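>>> Predicted model, plus sequence, below.
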Amino acid sequence: MAAPLTLQHHIKPPLSSENPLLTRNPTSASTIGMIASSIDDLNQPHPCIVSIEKCSNMSQLKQIHAQMLRTGLFFDPFTASKIVAFCSLQDSGSLQYARLVFSQIPNPTSYTCNSIIRGCTDKNLHQEALLFYQEMMVQGLIPDRYTFPSLFKSCRNSSEGKQIHCHSTKLGFASDTYAQNTLMNMYSNCGCLVSARKVFDKMEDKTVVSWATMIGAHAQWDQPNEAVRLFDRMIKSENVNPNEVTLVNVLTACARARDLAMVKRIHEYIDEHGFGRHVVLNTVLMDAYCKCGCVQLARDLFDNAQEKNLFSWNIMINGHVEDSDYEEALLLFREMQTKGIKGDKVTMASLLLACTHLVALELGKWLHAYIMKQRIDVDVALGTALVDMYAKCGSIGTAIQVFHEMPEKDVMTWTALILGLAMCGQSENALQYFEEMHIRGVKPDAITFVGVLAACSHAGFVDEGISHFNSMSDTYGIHPTIEHYGALVDILGRAGRIAEAEELIQSMPMAPDRFVLGGLLGACRIHGNLEAAERAAKQLLEIDPYHSGTYVLLSNIYKSSKKWEEAKRTRELMAERGMKKPPGCSQIEVHGVVHEFVKGDSSHRQSSEINEMLEDMISKLKNAGYVPDKSEVLFDMAEEEKETELSLHSEKLAIAFGLLSTSVGAPIRVVKNLRICSDCHSATKLISKLYNREIIVRDRNRFHHFKDGTCSCRGFW
DNA sequence: TTAGGGTTAG
């Protein structure tokens, strides 16, 4: 057996020069004779070729290569090409070795070149694939129709793509079906849907792959209806039978168009034509049902599926999260765990989103630990989900820490942090990160500005708010949406510039919604502007006569202005229309269990202890000079009754429970479904000081971080 | 005096 190849055999010859192996070891007549006789005699693949096909690693291949060099068989282009093909295309191969061997082949064929190009493409070495093609051209090697599919796959932009497209046309290979299929795909991936469609329309021999590719391209570029039209044309006019990929692509289009009827039609087709066991198809069908809002239909498919993989679990978990059924999503993950199936970064991102919505910080922390323990790859999306979860669960310090640990951040990561900081009352910090984002060259989007404007609103930064709002369209070309207008109305209104806020609403390019007008009404309450309040409320009641918040707010405004009759009438109108103020409800998570309290709740099994703590709280508060703020209590109550009513608010019950069931010094975290009332707000400030506890209350709008007698909201909420 | 290699999907 010959020794393995040494380095001197690997010296790459200069381009277009004579092959050094050939000049140093001219092929002898006897070697040629031996090759000829071996092929003629056996009339079957040479043993060396058979051996190459059986190779399982590079060490074995190198031995065969050496043998071939000794016998001279290497100088037969066909046999040598097999060595290159193995090194280029097999997982255990080596592209580098393939390139070295290639440089020593006296007369490489297009087959050999194609193997190397495909090897580069398969390994995502796209630039190398194109450079190798260039090298081929320089050396005068002629491509063939097999060359272009891999080359088109390696084109990363339309400029490269057009050049290769031109080449293929000049060389006469652009009409090959395989080349055209990859060409369409290339144009679509480079964002040139029109070019892709031109190729498709001109194709003479459209195969099922051509149709699938074009349908997929329309689905990808948000033309789902065209994708579905093409599918119908394919089966009805052209009599082409779809395969699994066609069905996957058309389902993707249906899901994007939220076309439930079409999804059901495809589902029937799948069942009728026996595609039902195809795993990819089933997962896409589940996804399509979820996107059309039929989570139960997806779940039926999931539960009855004979084969499930991680995609199936992820789609179903995400489906439940999108359906706001967070508990069911978490239950599915538990089921995964009992079955010993590990989640991946996609599973984790969905579950973290569920935690964010549930404000379940403890569970979120557990998932973070799970991600670290299982060494799950934290990519930008998962990192952003972690930042978002920590920020929206009130753990802004950890959110900042995770943010800084992320090696790569995108606009969504920055936005999650800015929104989180704004929610937590760290407005200056939020605006600093926005500045930093600009310095780093990350372009903000519409959602980033929701965070920026929220930060300005919560801190009372009026001029900055107006300036940022104007910069949206002036500097970034982003058209403000109703959400941005709402934020600016809020900023102006809180600053007492009610007339300007009203003018802004008048000048908006869209009709105001209940959030915009609600913001105005809230501002009117703060500044006691009764006239503007009545105008806003009138409009609000026209838009949404069944929103109880409007009546409550208006009635409170009347009360503050001592207009008792009007206040009473507003409440009566609310009752006449069959509406009640939704009950306030507060949650607190202690040792992984969520405890829920409504106003005056005595259903908790530790109710008597909670009441004792509540009495202790109230007496300590009174000793410290606390006077209950009765402005937001029903007006037809006796004064003592009002005090009792206030002391039984759900957030006070939850705080009392938190004080007695968590260890000394531990922060208390409460989530409330409504806006925190002004009495609870001032009481909690004092409680944080009297009991030396950080208390974090997340209400409907934002976080209130109470510490040492103050709140992070600084009165803006 | 040829052979063999290339396309679409969650």
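Nice, thanks for sending it over. Residues are numbered from 1 along each chain as shown, chains lettered A, B, ... in the order given.

>>> What residues sit buried inside stretch A:491-508?
Buried positions in stretch A:491-508, judged by neighbour count with 16 or more other C-beta atoms under 10 Å: A:491-495, A:497-498, A:500-502, A:504-505, A:508. Where C-beta positions appear, they are placed from N, C-alpha and C, glycine not excepted.

>>> For chain A, which segments count as strands?
A:585-590, A:593-598, A:668-672, A:695-698, A:703-707, A:710-711 (DSSP state E).

>>> between the buried residues of stretch A:491-508, which is nearest A:Val359?
Lowest distance from A:Val359 to the buried residues of stretch A:491-508 (C-beta to C-beta) belongs to A:Arg494, with 25.2 Å.

>>> Excluding chain neighbours, what is closest to the closest one?
Ranked by C-beta to C-beta, 6 or more residues apart in numbering and with sequence neighbours excluded, the top spatial neighbour of A:Arg494 is A:Ala523, at 5.6 Å.

>>> One more: A:Glu566?
Leaving aside its chain neighbours, A:Glu566 sits nearest to A:Tyr558 (4.3 Å; criterion: C-beta to C-beta, 6+ apart).

>>> Run through the residues that contact the one you found.
A:530, A:564, A:566-567, A:570 (C-beta atoms under 8 Å, 6 or more residues apart in numbering).

>>> Among the residues you listed, which ones are in helices?
With helices taken from DSSP state H, the overlap with the contacts of A:Tyr558 comprises A:530, A:564, A:566-567, A:570.

>>> May I ask which two of those residues are separated the most?
A:Leu530 and A:Trp564 (13.4 Å).

>>> Between those two, tell me which one has more neighbours.
Neighbours per residue (other C-beta atoms under 10 Å) separate A:Leu530 from A:Trp564, with A:Leu530 holding more: 17 against 12.

>>> Over to the residue nearest to A:His438 when sequence neighbours are not counted: give its phi and psi.
The shortest distance from A:His438 to any non-neighbouring residue, by C-beta to C-beta, 6+ apart, is to A:Pro444 (7.7 Å). Phi and psi for A:Pro444, reported as degrees, to the nearest 10, are phi -70, psi 160.

>>> List the contacts of A:Pro444.
Listed by C-beta under 8 Å, 6+ apart, the contact partners of A:Pro444 are A:411, A:414-415, A:434, A:437-438, A:452, A:476, A:478.

>>> go on, A:Met472?
A:Met472 neighbours (C-beta under 8 Å, 6+ apart): A:446, A:449, A:478-480, A:484.

>>> Can you tell me which of those residues has the most neighbours?
When neighbours are taken as other C-beta under 10 Å, the top entry among the contacts of A:Met472 is A:Phe449 (24 neighbours).

>>> re the thing from before, closest one of the contacts of A:Tyr558 to DNA strand B?
Nearest to DNA strand B out of the contacts of A:Tyr558 is A:Thr570 (C-beta to the nearest atom of the strand; 51.0 Å).

>>> what's that closest one in contact with, if anything?
A:551, A:554-555, A:558.

>>> would you list the residues you listed in CSV and tack on pLDDT?
Shown next, in CSV, are these (pLDDT from 0 to 100):
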residue, pLDDT
A:Tyr551, 84
A:Leu554, 81
A:Ser555, 85
A:Tyr558, 82
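
>>> could those go into JSON lines alongside distance to DNA strand B?
JSON lines is the format used below for the contacts of A:Thr570 (distance: C-beta to the nearest atom of the strand, whole Å):
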{"residue": "A:Tyr551", "distance to DNA strand B": "46"}
{"residue": "A:Leu554", "distance to DNA strand B": "48"}
{"residue": "A:Ser555", "distance to DNA strand B": "50"}
{"residue": "A:Tyr558", "distance to DNA strand B": "54"}
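
>>> ok, A:Gln587 - contacts?
Residues counted as contacts of A:Gln587 (C-beta under 8 Å, 6+ apart) are A:359, A:594-597, A:654, A:670-672.

>>> now do A:Arg525
Here A:Arg525 is in contact with A:533, A:553, A:556-557, A:560 (C-beta under 8 Å, 6+ apart).

>>> And A:His649, by the same measure?
A:His649 touches A:584, A:599, A:677, A:679-680, counting by C-beta under 8 Å, 6+ apart.

>>> do the same with A:Ser56
A:Ser56 sits next to A:Ser92 when contact means C-beta under 8 Å, 6+ apart.

>>> Let's test this: name the helix or strand in chain A with the lowest mean pLDDT.
Among the helices and strands of chain A, helix A:20-24 carries the lowest confidence by mean pLDDT, DSSP states H and E, at a mean of 28.

>>> Just the buried positions in stretch A:225-237, please.
Those would be A:226-228, A:230-231, A:234, for stretch A:225-237 by 16+ other C-beta under 10 Å.

>>> Then stretch A:531-550?
Buried, per 16+ other C-beta under 10 Å, within stretch A:531-550: A:532-537, A:539-541, A:549-550.

>>> A:Cys393 and A:Leu361 touch, don't they?
Yes: contact criterion C-beta atoms under 8 Å: A:Cys393 and A:Leu361 qualify, at 3.9 Å.

>>> can you redo the contacts of A:Met472 as TSV with pLDDT and distance to A:Leu193?
Below are the contacts of A:Met472 laid out as TSV (pLDDT from 0 to 100; distance: C-beta to C-beta, whole Å):
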residue	pLDDT	distance to A:Leu193
A:Ala446	95	24
A:Phe449	97	29
A:Ile478	95	24
A:His479	94	24
A:Pro480	95	29
A:His484	96	31
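
>>> Can you name the two of those residues that sit furthest apart?
Taking C-beta to C-beta, the two most distant members of the contacts of A:Met472 are A:Phe449 and A:His479; they sit 10.8 Å apart.

>>> how far away is the nearest residue to A:Phe102 once chain neighbours are set aside from A:Gln104?
Using C-beta to C-beta, 6+ apart and skipping the chain neighbours, the partner closest in space to A:Phe102 is A:Val84 (5.4 Å). Look at A:Val84 and A:Gln104: by C-beta to C-beta, to the nearest Å, they are 10 Å apart.

>>> A:Cys393 and A:Leu361: which is more packed in?
Shown here are A:Cys393 and A:Leu361; by other C-beta under 10 Å, A:Cys393 has more neighbours (28 against 22).

>>> thinking again about what came up before, what's the closest of the contacts of A:Met472 to DNA strand B?
Here the nearest of the contacts of A:Met472 to DNA strand B, counting by C-beta to the nearest atom of the strand, is A:Ala446; it sits at 25.6 Å.

>>> The longest helix belonging to chain A: which residues count as buried?
Secondary structure of chain A per DSSP H: the longest helix is helix A:607-623. For helix A:607-623, burial by neighbour count (16+ other C-beta under 10 Å) applies to A:610-611, A:613-614, A:617-618, A:621.

>>> show me the contacts for the residue of the stretch 551-700 of chain A found nearest DNA strand B.
Relative to DNA strand B, the nearest point of the stretch 551-700 of chain A is A:Gly592 (32.4 Å; C-beta to the nearest atom of the strand). Contacts here follow C-beta under 8 Å, 6+ apart; on that basis A:Gly592 touches A:362-363.

>>> model confidence over stretch A:293-306, on average?
Stretch A:293-306 shows a mean pLDDT of 95.

>>> can you list contacts of that stretch?
Contacts of stretch A:293-306 (C-beta under 8 Å, 6+ apart): A:258, A:260, A:277, A:279, A:282, A:285-287, A:289-290, A:308, A:312, A:315-316, A:319-320, A:322-323, A:325.

>>> Could you find the closest non-adjacent residue to the residue nearest in space to the middle of chain A?
With distances taken as C-alpha atoms, centre = their mean, the residue of chain A nearest its centroid is A:Ala381 (5.6 Å). Spatial nearest neighbour of A:Ala381, excluding adjacent residues (C-beta to C-beta, 6+ apart): A:Ala349 at 5.6 Å.
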